[in-house]
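Peer 1: no FASTA, just this:
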């Protein structure tokens, strides 16, 4: 079946511009996650959506970063006034409802490679 | 507080020899544990997960991991490495704190030599 889809796969933009990254999760998955992976580094958690609950934004690095999830499906991560240190791969993942015991595996997209000139 | 430590940032093995990727965790309760693999320019793919059933967990591509509570370890093994196993591997532990409940290890890069 269809997996997690992210677009664009690559994005090059100039410093100071705004960018929008899109994530289309697996149908029926109520949990959605955004991560950032800098070159040669591990995963940095950014934001987590679970159903209609308020998102967990505790990982967003600054107020230039925001994310929405419309209709409980597609999510958009927006970075305003981009800086060179924002260059990274942005990964999205989705999972079935993540209950108290956190045992649902996450399904990842292939990411958006963002380069800020 | 929960935490996860991947003891080796890089591991090199020869093709056909065993693979051992080490992961230790800290948790005040019985956590869920996962191993993911990431090939170049790809997202992460689940290899296996432990959720308090059998302590020896079998995953895809011949990988398995054993949950050892006494050693607080969840090491990933494979009897015979294949060239296609060259990738980055992440150990993940669940946590009870906060809304987002996963802690990712820093990753182990596996190199397979011909």
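Peer 2: Nice, I can see it. Please read all numbers here as calculations on a predicted model, not as lab measurements. Numbers count the residues shown, from 1 in each chain, chains lettered A, B, ... in the order given.
Peer 1: Is any residue of stretch B:38-52 near chain A?
Peer 2: Yes: applying Cβ under 8 Å from any Cβ of the partner chain, one finds stretch B:38-52 in contact with chain A at B:41, B:42, B:43, B:44, B:45, B:46, B:49, B:51. Where you see a C-beta, it was placed from the backbone N, CA and C, and this is true even at glycine.
Peer 1: Any figure for the gap between the second one and residue B:62?
Peer 2: Using Cβ to Cβ, to the nearest Å, one gets 19 Å for the distance from residue B:42 to residue B:62.
Peer 1: ditto for the first one
Peer 2: In this structure, residue B:41 lies at 23 Å from residue B:62, with Cβ to Cβ as the measure.
Peer 1: These two: who's more crowded?
Peer 2: Using other Cβ atoms under 10 Å in any protein chain shown as the criterion, residue B:41 and residue B:62 rank with residue B:62 on top: 14 against 10.
Peer 1: and the lowest-mean-pLDDT helix or strand in chain B, what does it pack onto?
Peer 2: Between all helices and strands in chain B, the lowest mean by mean pLDDT, DSSP states H and E belongs to strand B:102-104, at a mean of 88. For strand B:102-104, the elements it packs on are strand B:3-6, strand B:87-94, judged by 3 or more Cβ pairs under 8 Å, 6 or more residues apart in numbering or on different chains; DSSP states H and E.
Peer 1: Quick one: closest of the ones you listed to residue A:77.
Peer 2: Residue A:77 lies closest, by Cβ to Cβ, to one member of the helices and strands packed on strand B:102-104: strand B:87-94, at 20.8 Å.
Peer 1: neighbouring contacts of that closest one?
Peer 2: A:42-43, A:101-103, B:2-4, B:6, B:21, B:23, B:25, B:27, B:31-40, B:44, B:47, B:74, B:76, B:101-105, B:107-110 (Cβ atoms under 8 Å, 6 or more residues apart in numbering or on different chains).
Peer 1: if you set the cut-off to 6 Å instead, what comes out?
Peer 2: Contacts with strand B:87-94, where a contact means Cβ atoms under 6 Å, 6 or more residues apart in numbering or on different chains, come from A:102, B:2, B:4, B:6, B:21, B:23, B:25, B:31-39, B:101-105, B:107-109.
Peer 1: and the gap between residue B:71 and residue A:112?
Peer 2: 39 Å.
Peer 1: residues in contact with residue 21?
Peer 2: No chain specified, so I'll use chain A. A:77, A:90, A:112.
Peer 1: Actually, chain B is the one I wanted.
Peer 2: Contacts of residue B:21 by Cβ under 6 Å, 6+ apart are B:76, B:89, B:108.
Peer 1: what's the pLDDT at residue 78?
Peer 2: No chain in the question, so chain A it is. We have a pLDDT of 98 for residue A:78.
Peer 1: oops, chain B please
Peer 2: At residue B:78, pLDDT is 98.
Peer 1: Would you pull up how far stretch B:74-93 lies from the middle of the chain?
Peer 2: 7 Å (Cα atoms, centre = their mean, to the nearest Å).
Peer 1: mind listing the strands for the chain?
Peer 2: Since you didn't name a chain, this refers to chain A. A:5-7, A:10-13, A:19-24, A:31-37, A:44-50, A:65-69, A:75-79, A:88-95, A:107-108, A:112-116 (DSSP state E).
Peer 1: Not quite, go with chain B.
Peer 2: In chain B, the strands defined using DSSP E lie at B:3-6, B:10-14, B:19-21, B:23-26, B:33-38, B:44-50, B:56-58, B:64-68, B:73-78, B:87-94, B:102-104, B:108-113.
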